[in-house]
Structures are given as C-alpha cells and as structure tokens.
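A.B. asks: Here's my sequence, what's the structure:
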Amino acid sequence: MSFSDERIRVAVLGAGGLGKAACRIIGMKKELLLCGVCDSKGFVVSSDGLDTQRLASINGDLVSGYRQTAVEVKASMRSEVVNPAIAPTAEGIGPVGLLERTGGRDVAPLEADLPVPQARPVELSIDDCRFSIERPSSNRQSKIDNRKFQGVGVPVPQARAGGLHTLDRSEVGYSDDPLRDIIHRSEMWDAVLIALPNLPNGFIPGVIERFSRAHRPLVFVDVLKRTPAVRKMFALDALIKEAQAVVLTGCGATPGILAAAAVLAAQSFVEVERVDIWWGVGISNWDAYKATIREDIAHLPGYSLERAKAMTDAEVEAILSQRDGLLELRHMEHADDLLLQRVGVVDRLDQVEVGGLMDTRHPKKPVSTTMTLTGITFEGKRASHRFILGDETSMAANVIGPALGYLKRGIWLKAHGIFGVFGCTEFLPMVVR
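C.D. replies: Predicted coordinates for the structure are as follows:
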C-alpha cells in the first residue's frame, strides 16, 4: 500500500489479554482495519474487516469463542429463499452460513439475530466457498455453489471505522499450524502486530523469520521486552531487507514509549549518567494476562523463562498467593538498555535500570510508572528529567497504543523504501487517528 491510503489492514498474532486489547483499540481507529487474528489453535480472517468488539469479548480459545459470539444476526424472514439473491424485507434477512471446502476445516456459522430493514444486496465474489441458506421455519436448505453471488451487506457497530460489513466473508478455522495459515493469507494485510508470549527468547524472532523466508513484504511490530530477544531480532536485519519488509521491535511500554521518552530527554545534556525506569501495573485478574505474568515471574531470583513457561496455572497462583498478589521485580533484563545504547543515549548497558511492581489482585497501579534520566548539562550542572505515565492508563493502553503508533511509522518507512529491523528508539511513533 502507499502511505496515502486511508486504511491500514492489520493482522494481530495472539488473542490473549494484549491481543484482545489490540482488537478493541484497532476498532476505534478509522485509519486501521483488522483483517486477521490467530492464537495457538486457530484463526479468524476477513478481507472486509472483522468485528473488533466481538473479538475483544471472546472467552476461551479464538475459534470456539468466535463461534459463541457469532449469533449476532438470526433469521426473522419467514419466506423461503430459493436462489442466491437474498431479498431484504421489512422483517430482516435469513441466516447465511459459510462453509469452507478446502481442508475440511471448521468454519463458524455466521447467522443473524437482528432485524435489518436497511440491508441491501451487494455484489460479492468469493473463491472456493459454499453457502448454505436456511429457511428458519423448516429444515429445508438451498445449496449454492457459485463463484459469484448476491450477498447482503449489513452495517455493524464498528462501521464508523470500517463501513459496510458483510455477513459471509469471515473465515474461521482450527489449525495445527495457525501461523502457516496466516502467512498463506498475508496478502490480506499490510502490517502485523505481534502480541504473542515470547517464551522462549527466540520464539517471536522465529515467527518473523518464517514470514521473511516466505518473502512477505509486510510491516511487523512487536512488544518484546528482553534484551536477548531483541538481539535476536536485530540479527534478522539482512533477511528482512531481502524480503523488503520492515520490523519495529520493542515497541510497547518498556521498552517502547519510555525508551523513546529517554531519547527526547537526553537532548538537554552533554552526558547522560543513567536512565531509571520504575513501572507499576495493576490487573484485577491475572488470568487475562497469563503469558505476561509468566514472563515477569521469570525475572524472579531462581526462575528462568523455561521454568516459568513450564509452570501450571496452579503453580503460578501459588507464587502469587505467597506474595499477596504482588510481584516486585528489580534488575530486569529489559531491552531498554540495548535500544538506548544503540542510538547513543548511554555508552554501557549497566547505565539503564529497569524494575517495577505488579499487583495481580487489583486494577489500580501500586506505583506510578516513571522514566528518570539523569545527566550533566553543558554548564556542568547535574539534573534529571522525569516522564510519568498517568496512573489511570492501563498496561494494555501503554503497550498497544504505542505499538500501533510504531506500526503506522513502519508503513511510512516502507512507503519511503526503507527496509530492515529498527528499534523503538530510532524513530518516533506516529499518531493513528
């Protein structure tokens, strides 16, 4: 796409707490269109755009959750439908179910439960699909196997960000390799936001590598935290350039918005002595952020990424209970150090200190999140700049918001022929309207 295009088509990898937050925020942005989501078991894709609110409200795995919320519009039309042209009436429309032929994959039935007098026929083209149109008052079905047919366009709540949404374009399926299926369909989007757990360190860099080896010239944004993981990402630079892709790494909160703030703060000084990041996070239910909690537990003395990944939910709960739901973490292996060194803010990694306090029982932050940069001015005076995140802003807002800003920056870079792997400290994020 060119940078002047109004809509950026986005896929989100991951459907946990951060992935669902991403779906919700994308639905509020008129410049973005969510076209794909996957988790470890399956995927949901649509070139017309997905219902972001439905995705954000899913419980359980992505596919079964999407099915459970798919009964938004159910038939109220009483006359039998006998041909591909579905005529709208004052009562509404009949249910339309999409079945995929290829691979025997399950597909969610997309049905209606909402009178839609304003619905109108629109011309659609779909390859390799079979539609089942069912009369509500009987078991009779009229099967249609046409490559071109009449569908019904129905406005949905997120239409303000996406316009007309059609009932029959979403492809929903379980898969033994959801990433393979997302890569196969990657012509449907311009950018990929990765909200997957990075356990172990090489997991997300490996995801990017798979896309690049398939020569997918996309924009990728991750919210990686650990220094070794970001090092692995930078090692992919030559491969990313060959694929004419763009990767922006470490683009959440820390690293991310706080490291970028440190770059700006450093401009007042001729020498930066240190950067101290102290964060606070409050969540009322750790179940919503299981992967994030495990990654943080891995920072505790005596724990590792491998040990944290292997822990059962009961073992995690036991650790949290022993600490009254509080995790205090110091000397964290966060990539703020590498990313700030990369652009010359600091000379040594040990000049950057990251730590924080997470409350897994209450949504209120136990402490404010701050970035403090201390340095020497040209007059020889020592001073500090402090950047503070509002206590009312959630972890998801401070991680996904900046990531989407960097995603738009990645589109800008690609439009200007700039490819490769870049950190959050090398470019400012753009504002996504």
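A.B. asks: what residue ranges in the protein score low on pLDDT?
C.D. replies: 1-5, 70-168 (pLDDT under 70).
A.B. asks: Which stretches in it count as helices?
C.D. replies: Listed in chain order, the helices of the chain (DSSP state H) span 17-26, 52-56, 62-68, 159-162, 178-184, 203-213, 227-234, 237-242, 257-265, 290-297, 305-310, 313-322, 336-342, 395-415.
A.B. asks: and the second one, what other elements does it pack with?
C.D. replies: To tie it back to what came earlier, the one meant is helix 52-56. If you count contacts as 3 or more C-beta pairs under 8 Å, 6 or more residues apart in numbering; DSSP states H and E, helix 52-56 packs onto helix 17-26, strand 32-38, helix 62-68. The way it works is simple: take the backbone N, C-alpha and C, and place the C-beta from them, glycine included.
A.B. asks: quick one: buried residues of it?
C.D. replies: Buried positions in helix 52-56, judged by neighbour count with 16 or more other C-beta atoms under 10 Å: 52, 54-56.
A.B. asks: could these be laid out in JSON lines, adding distance to Phe43?
C.D. replies: What follows is the buried residues of helix 52-56, written out as JSON lines (distance: C-beta to C-beta, whole Å):
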{"residue": "Thr52", "distance to Phe43": "16"}
{"residue": "Arg54", "distance to Phe43": "15"}
{"residue": "Leu55", "distance to Phe43": "12"}
{"residue": "Ala56", "distance to Phe43": "16"}
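A.B. asks: Measure how far stretch 395-407 is from the centre of its chain, please.
C.D. replies: The chain centroid and the centroid of stretch 395-407 are separated by 9 Å, computed with C-alpha atoms, centre = their mean, to the nearest Å.
A.B. asks: Can you tell me which of the helices and strands packed on helix 52-56 is most buried?
C.D. replies: strand 32-38 (a mean of 27; mean count of other C-beta atoms under 10 Å).
A.B. asks: So what are the sheet partners of that strand and their directions?
C.D. replies: Sheet pairing for strand 32-38, assigned by DSSP bridges, gives strand 8-13 (parallel), strand 42-45 (antiparallel).
A.B. asks: now these in a markdown table, with mean neighbour count?
C.D. replies: Formatted as a markdown table, the strands paired with strand 32-38 follow (neighbours: other C-beta atoms under 10 Å):
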| stretch | mean neighbour count |
| --- | --- |
| strand 8-13 | 24 |
| strand 42-45 | 25 |
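A.B. asks: Asp359 pairs with what?
C.D. replies: Here Asp359 sits in beta bridges with Gly282, Leu326, going by DSSP bridges.
A.B. asks: ok so, going back, and the helices and strands packed on helix 52-56 as a markdown table, adding distance to Lys225?
C.D. replies: Formatted as a markdown table, the helices and strands packed on helix 52-56 follow (distance: least, C-beta to C-beta, whole Å):
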| stretch | distance to Lys225 |
| --- | --- |
| helix 17-26 | 12 |
| strand 32-38 | 21 |
| helix 62-68 | 24 |
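A.B. asks: and the closest residue to Leu338 other than its chain neighbours, what does it touch?
C.D. replies: Nearest residue to Leu338 in three dimensions, chain neighbours excluded: Thr227, at 5.1 Å (C-beta to C-beta, 6 or more residues apart in numbering). Going by C-beta atoms under 8 Å, 6 or more residues apart in numbering, Thr227 touches 333-335, 337-338, 349.
A.B. asks: 10 Å - rerun?
C.D. replies: Shown in contact with Thr227 (C-beta atoms under 10 Å, 6 or more residues apart in numbering): 201, 250, 255, 332-339, 349, 352, 354.
A.B. asks: Mark which of these are buried, thanks.
C.D. replies: Burial by neighbour count, judged by 16+ other C-beta under 10 Å, picks out 201, 250, 255, 332-339, 352, 354 from the contacts of Thr227.
A.B. asks: Taking those residues together, which two end up most distant?
C.D. replies: Largest separation among the buried ones among the contacts of Thr227 by C-beta to C-beta: Asn201 and Val352, giving 18.6 Å.
A.B. asks: For Arg294, give its distance to Ala383.
C.D. replies: From Arg294 across to Ala383, the span is 39 Å (C-beta to C-beta, to the nearest Å).
A.B. asks: out of the two, which sits in the more crowded spot?
C.D. replies: Of the pair Arg294 and Ala383, Arg294 is the one with more neighbours under other C-beta atoms under 10 Å, namely 21 against 12.
A.B. asks: Skipping its backbone neighbours, what lies nearest that one in space?
C.D. replies: That would be Ala308: by C-beta to C-beta, 6+ apart, it lies 4.4 Å from Arg294.
A.B. asks: quick one, domains of this protein?
C.D. replies: Per automatic domain parsing, the structural domains of the chain span 8-178, 257-392.
A.B. asks: how long is the longest one end to end?
C.D. replies: Pointing back at domain 8-178 there. End-to-end distance of domain 8-178: 22 Å, with C-alpha to C-alpha, to the nearest Å as the criterion.
A.B. asks: just stretch 362-372 next, same as before
C.D. replies: Stretch 362-372 has an end-to-end distance of 26 Å (criterion: C-alpha to C-alpha).
A.B. asks: will you turn the helices of the chain into JSON lines that also has distance to Arg361?
C.D. replies: JSON lines is the format used below for the helices of the chain (distance: least, C-beta to C-beta, whole Å):
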{"stretch": "helix 17-26", "distance to Arg361": "16"}
{"stretch": "helix 52-56", "distance to Arg361": "23"}
{"stretch": "helix 62-68", "distance to Arg361": "25"}
{"stretch": "helix 159-162", "distance to Arg361": "34"}
{"stretch": "helix 178-184", "distance to Arg361": "32"}
{"stretch": "helix 203-213", "distance to Arg361": "29"}
{"stretch": "helix 227-234", "distance to Arg361": "28"}
{"stretch": "helix 237-242", "distance to Arg361": "41"}
{"stretch": "helix 257-265", "distance to Arg361": "25"}
{"stretch": "helix 290-297", "distance to Arg361": "12"}
{"stretch": "helix 305-310", "distance to Arg361": "19"}
{"stretch": "helix 313-322", "distance to Arg361": "8"}
{"stretch": "helix 336-342", "distance to Arg361": "27"}
{"stretch": "helix 395-415", "distance to Arg361": "14"}
